[in-house]
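need a 3D model of the sequence below.
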Amino acid sequence: MTVDLDAQHHFSDGIVVLTERRVLARAPGENEWRDYAFLPGMTLEHHDHAGVGRLELMLPERRLAAWHFTLGMNLLAMRVIDQFQSRLQSHFDGTPAEVDDQTVCPSCKAPLEPDQDVCPVCTKVIHTPPSTWTLFRLWRFARPYRGQLLAGFLLTLLGTAASLVPPYLTMPLMDNVLIPYQNGQQIDTGLVALYLLGLLGAALLAWGLTWAKTYILALVSERIGADLRTSTYEHLLRLSLEYFGGKRTGDLMARIGSESDRICVFLSLHLLDFATDVLMILMTSAILFSINPWLALVTLVPLPIIVWLIHVVRDRLRTGFEKIDRVWGEVTNVLADTIPGIR
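Take a look at the predicted model:
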């Protein structure tokens, strides 16, 4: 197995090899190999503390060697201990040792078949793009808040409609007030005040509806995010120790922390903006067609091109965000394995 920490818990590569008669080891940061022949009473013990694992080769009276590693190597360490006990017993009593010929992926520690050279789990994670339909799986978390979500949708609809009132008032304001005033005609001050009050009222109504919509849906999104984090944490508690031995601490922390926060931000901000923009486009199109159908068609001609450009840019941005997520997972993993061991 590979060990990745030296005696001072600095990152450095070493290796421990188990044979039929002895243990060979090259400690991290050293060039010389050391061998430890099997002796009666010899044991290989496993310990872990604060994100750091340790293998100790022991005799009844003293310790022969110790190797340190991050918990990402924990699964391999447990397999080495099992093989050590089997081969030590075989060395002294002559019984054939059970050979563990199952190989695992060095990245995710998933079992590999004898004829598999590429891990199917890692290949699927790296090469399978995330599907947008996966977001619909959040509905089971949103179902308890469907009343608030319906209220937020209605407020979104009303707020968008209120924001479209000023264009209707602007047209008669231009025709009945500004153009006649520019031509030197007498204007009705009461009519001017009525139009201006209508514009002010529409703006205040749109602001109030938008604020109420944002408050309700942001509150719902935070509650959904809290339920999602709680469900993820409870699911992790039900998993076996072998699962945690094959996973990096930083990846698990990122799933509970930053990735759940991104889902909350998506639900509270980006999804609301997307819904508002779609409603705005639909209502504006309806108004344009009611005024002049041909003018509406000319105005909406660039819309398919804009949608296509958004799709192209989204794919490129998604690739960049996936790379950022992997790098952030590496950083979090190093910090989670290093900082807890600092005293």
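
going forward, measure contacts between C-alpha atoms and count neighbours the same way
Noted.

any idea which residue sits dead centre in the chain?
Central residue of the chain (Cα atoms, centre = their mean): Glu259, 3.2 Å from the mean position.

following element in sequence after the host helix or strand of that residue, please.
Per DSSP states H and E, Glu259 falls inside helix 258-265. Downstream of helix 258-265, the first helix or strand assigned by DSSP H and E is helix 271-291.

tell me the angle that next one makes with helix 258-265.
Here helix 271-291 runs at an angle of 30 degrees relative to helix 258-265 (axes from the mean of the first three to the mean of the last three Cα atoms, to 10 degrees).

show me what helix 271-291 is packed up against.
Packing contacts for helix 271-291, counted by 3 or more Cα pairs under 8 Å, 6 or more residues apart in numbering; DSSP states H and E, involve helix 146-163, helix 293-300.

could you pull up the residues touching the residue nearest to the centre of the chain?
For Glu259, no residue meets the contact criterion (Cα atoms under 8 Å, 6 or more residues apart in numbering).

isn't there a helix covering Asp48?
No. Asp48: not assigned to a helix; according to DSSP: H, G, I helix; E, B strand; the rest coil it is strand.

nearest spatial neighbour of it, skipping sequence neighbours?
The shortest distance from Asp48 to any non-neighbouring residue, by Cα to Cα, 6 or more residues apart in numbering, is to Arg54 (5.9 Å).

also Tyr181?
Leaving aside its sequence neighbours, Tyr181 is closest to Ile187 (6.5 Å, by Cα to Cα, 6+ apart).

now that neighbour: how far from Thr284?
In this view, Ile187 and Thr284 are 30 Å apart by Cα to Cα, to the nearest Å.

which SS class is the residue nearest to Asp48?
strand.

got the phi/psi numbers for Val331?
Dihedral pair for Val331: phi -60, psi -50, per degrees, to the nearest 10.

measure the closest residue to Thr2 other than its chain neighbours to Glu222 for me?
Counting by Cα to Cα, 6+ apart, Ile15 is the residue found nearest to Thr2 once chain neighbours are left out, at 4.5 Å. Distance from Ile15 to Glu222, counting by Cα to Cα: 46 Å.

same thing with Met174?
Counting by Cα to Cα, the gap from Met174 to Glu222 is 45 Å.

residues touching the residue nearest to Thr2, list them.
Contact analysis of Ile15 by Cα under 8 Å, 6+ apart lists 1-3, 25-28.

just say helix, strand or coil for it.
strand.

for it, which residues count as its bridge partners?
Ile15 has these beta-bridge partners by DSSP bridges: Thr2, Arg26.

pLDDT value on it, please?
Looking at Ile15, its pLDDT is 89.

equivalent analysis for His49, please.
pLDDT for His49: 74.

from Thr214, how far off is it?
His49 is 45 Å from Thr214, where distance means Cα to Cα.

between the two, who's got more neighbours?
Regarding His49 and Thr214, a neighbour count based on other Cα atoms under 10 Å identifies Thr214 as having more, with 18 against 10.

mean confidence score for the helix or strand that contains the more buried one?
Per DSSP H and E, Thr214 falls inside helix 189-237. The average pLDDT for helix 189-237 rounds to 86.

all numbers from here: first residue = 413
Renumbered: residue one is now 413, and that last one reads helix 601-649.

who are the packing partners of that helix?
Using 3+ Cα pairs under 8 Å, 6+ apart: helix 601-649 touches helix 551-554, helix 558-575, helix 577-585, helix 661-668, helix 670-677.

7 Å instead, please
The contact analysis (3 or more Cα pairs under 7 Å, 6 or more residues apart in numbering; DSSP states H and E) places helix 601-649 against helix 551-554, helix 558-575, helix 577-585, helix 670-677.

CA atoms only for the last one - export them in CSV, please.
Translated: helix 670-677. In CSV, the C-alpha atoms belonging to helix 670-677 read as follows (Å, rounded to 0.1, in the frame of the first residue of the first chain):
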residue,chain,number,x,y,z
SER,A,670,-20.7,24.2,-0.1
GLU,A,671,-22.8,22.0,-2.6
SER,A,672,-25.9,22.3,-0.4
ASP,A,673,-25.3,26.1,-0.1
ARG,A,674,-25.2,26.3,-3.9
ILE,A,675,-28.5,24.5,-4.2
CYS,A,676,-30.0,27.1,-1.7
VAL,A,677,-28.6,29.9,-3.8
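
now it and helix 601-649, what's the angle there?
Here the directions of helix 670-677 and helix 601-649 differ by 150 degrees (the same axes, to 10 degrees).
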